[in-house]
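In: what would the 3D arrangement of this be:
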Amino acid sequence: MYTPNAFTFDDADAIESFIAENLFAELISNGPQGLLVNHIPLARVESGSLCGHLAAANPQAEIPDRTPVVAVFRGPHAYVSPNDFVSEFNVPTWNYASVHCYGTIRFITDSELAWQRLGELVVLQEGNEGWQLPDEPRFRSLLQAIRLFEITEPRFEGKAKFSQNKSSEDIESVIEALEVRGEQSTAAFMKKFSRSP
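Out: Next up, the predicted model:
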């Protein structure tokens, strides 16, 4: 990912928080017919691995173990008009945050481990007080319809492009314009990441 120094986002704890807040990712790999892209939730589980699942019928579920993959996590983003800046010479741009995870895929073939990981993924979404995955044959049989996997040897690369290369006056002006347009999430991220040069 092309990341000028002003937009580098490489704090490990911040990246982990970003992933936890933006679980719905694009999983990208190569397959016999070319590039494969699927939109799926990916989350850290108890073991520390990044885990998800694909429908068993999905061609991406048939790629071999150790195939290189990229998972793209996207955060808030918004268009920024030249009119949003106070300075005079600007062009249209887009402010956004993104984290890429590069690694290799490993499918979980042990049914007990797959069941455990699936339960962990449910708890991550539901919380301890929400719906729990029933340990019943009819639910366990659903494991035949999906393939759980982990991304091993992950390497993370982040980018937070929120006008950090602009003056503090420009930054404040863009934040205000985003808030007026209802882009509250992007404005909040901009407040967090933007620093005047």
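In: where in this protein is pLDDT low?
Out: Applying pLDDT under 70 to the chain picks out residues 195-197.
In: show the subsequent helix or strand relative to the helix ranked longest in it.
Out: Assignment by DSSP state H gives helix 111-126 as the longest helix of the chain. Later in the chain than helix 111-126, the nearest helix or strand by DSSP states H and E is helix 137-140.
In: what kind of secondary structure is the nearest residue to L50 once chain neighbours are set aside in?
Out: Using C-beta to C-beta, 6 or more residues apart in numbering and skipping residues adjacent in sequence, the residue nearest L50 is I151, 4.4 Å away. Just so you know, the C-beta spots here come from the backbone N, C-alpha and C atoms, and that holds for glycine as well. Secondary structure state of I151, per DSSP: H, G, I helix; E, B strand; the rest coil, is strand.
In: quick one on the thing from earlier: got the buried residues for the longest helix of the chain?
Out: Neighbour-count burial for helix 111-126, counted by 16 or more other C-beta atoms under 10 Å, picks out A114, W115, Q116, R117, L118, E120, L121, V123, L124.
In: picking that back up, surely the residue nearest to L50 is in contact with V45?
Out: No: in this structure, I151 is not within contact of V45 by C-beta atoms under 8 Å, at 11.1 Å.
In: joint contacts of the two?
Out: Both I151 and V45 are in contact with C51, where contact means C-beta atoms under 8 Å, 6 or more residues apart in numbering.
In: tell me what the longest helix of the chain is packed against?
Out: Judged by 3 or more C-beta pairs under 8 Å, 6 or more residues apart in numbering; DSSP states H and E, helix 111-126 is in contact with strand 50-55, strand 146-161.
In: let me see the ranges of the helices in this structure.
Out: Taking DSSP H as the test, the helices found in the chain are 12-21, 111-126, 137-140, 168-180, 184-193.
In: surely I15 is in contact with F156?
Out: Yes: applying C-beta under 8 Å as the test, I15 and F156 come out as touching, 5.1 Å apart.
In: what do the two both touch?
Out: Common contact partners of I15 and F156 (C-beta under 8 Å, 6+ apart): V99.
In: still on that earlier bit, can you tell me which of the helices of the chain comes nearest to Y102?
Out: Y102 lies closest to helix 12-21 among the helices of the chain, at 12.8 Å (C-beta to C-beta).
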